[in-house]
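A.B. asks: output the structure for:
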Amino acid sequence: VISNLEELKLGGKDITMICQDHLPKHLFQNLKSLEVVSDKSDNFSIGSLQRFHNMEKLELRQFIQRDIFKWRVSYCKRLKNLVSSFTAKSLVHLMKLRIGGCKLMTEIISSEEDVEEDEVVFSRLKWLSLECLESLTSFCSGNCTFKFPSLEDLFVIDCPKVMIFSCGVSSTPRLREVRKNWGLDKGCWECNLNTTVQKADFY
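C.D. replies: Predicted structure coming up:
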């Protein structure tokens, strides 16, 4: 019975199954782990992940999404991280990322276990918002270098456990402040992104 599935791996034409809006919402209510193996962007809509409210692990393999410009992830209550650093490298056109209400999410990008040092470049990302993530401690806890050459707006709102942005180096040449609310109040900034996050309170 599909509704009892806890782990699912999809590839090829099977991927279209989870992108069909007419499927009942309860069909994947127990799904905890999803692995998508595909190199054809037309087969998989990343927005379809919103229906998996109990998903804890997401793996996107051989994955190329040329059309992801904006990505919003909300209230995936059991998701512990968004994607791995390997998958993040394929999000080359992402311009806006908004994540909120994922209660168990501890980090946004997870590191590859067998890689001591890694580098991820979000070359077009201009806007990033992390909201109401009560378990979030960092953007990435691994030794990964992040480059955000286009990032201009960063919001960290109601994320009380955030202690550092990343354990590795984060380059943000255009970023001038980190905003803690949606109001007109001036944001905070201390030398670099990691120092700013360490000194700020994101309650």
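
A.B. asks: residues contacting the spatially most central residue of the chain?
C.D. replies: In the chain, the residue lying closest to the centroid (Cα atoms, centre = their mean) is residue 82, at 3.7 Å. The contact partners of residue 82, by Cβ atoms under 8 Å, 6 or more residues apart in numbering, come to 58, 73, 99, 105, 108-109. C-beta coordinates here come from the backbone N, C-alpha and C atoms, glycine included.

A.B. asks: mind redoing it with 7 Å?
C.D. replies: Residues near residue 82 by Cβ atoms under 7 Å, 6 or more residues apart in numbering: 73, 99, 108-109.

A.B. asks: likewise for residue 113?
C.D. replies: No contacts exist for residue 113 under Cβ under 7 Å, 6+ apart.

A.B. asks: what's the first helix or strand after the helix-or-strand element of the chain with minimal mean pLDDT?
C.D. replies: Sorting the helices and strands of the chain by mean pLDDT, DSSP states H and E puts strand 57-61 at the bottom, at a mean of 70. Next in sequence after strand 57-61, counting helices and strands by DSSP states H and E, comes strand 70-74.

A.B. asks: what residues does the following helix or strand past that next one touch?
C.D. replies: Using DSSP H and E, the helix or strand that follows strand 70-74 in sequence is strand 83-84. Strand 83-84 has contacts (Cβ under 7 Å, 6+ apart) with 58, 60, 109-110, 112.

A.B. asks: run the chain-centre distance for strand 83-84.
C.D. replies: Centroid separation for strand 83-84 versus its chain: 7 Å, with Cα atoms, centre = their mean, to the nearest Å.

A.B. asks: what's the closest of the contacts of residue 82 to residue 183?
C.D. replies: residue 99 (20.2 Å; Cβ to Cβ).

A.B. asks: now do the helices in the protein.
C.D. replies: Under the criterion DSSP state H, the chain contains helices at 85-88, 193-199.

A.B. asks: least reliable of the ones you listed going by mean pLDDT?
C.D. replies: With a mean of 88, helix 85-88 has the lowest mean pLDDT of the helices of the chain.

A.B. asks: counting by contacts, list what it packs against.
C.D. replies: Using 3 or more Cβ pairs under 7 Å, 6 or more residues apart in numbering; DSSP states H and E, the elements in contact with helix 85-88 are strand 109-110, strand 118-121.

A.B. asks: what are the buried residues along the last one?
C.D. replies: Meaning strand 118-121. Using 16 or more other Cβ atoms under 10 Å as the test for burial, strand 118-121 gives 118, 120-121.

A.B. asks: coming back round to it: need the winner for burial among the helices of the chain.
C.D. replies: Comparing these by mean neighbour count (mean count of other Cβ atoms under 10 Å), helix 85-88 ranks first with a mean of 20.
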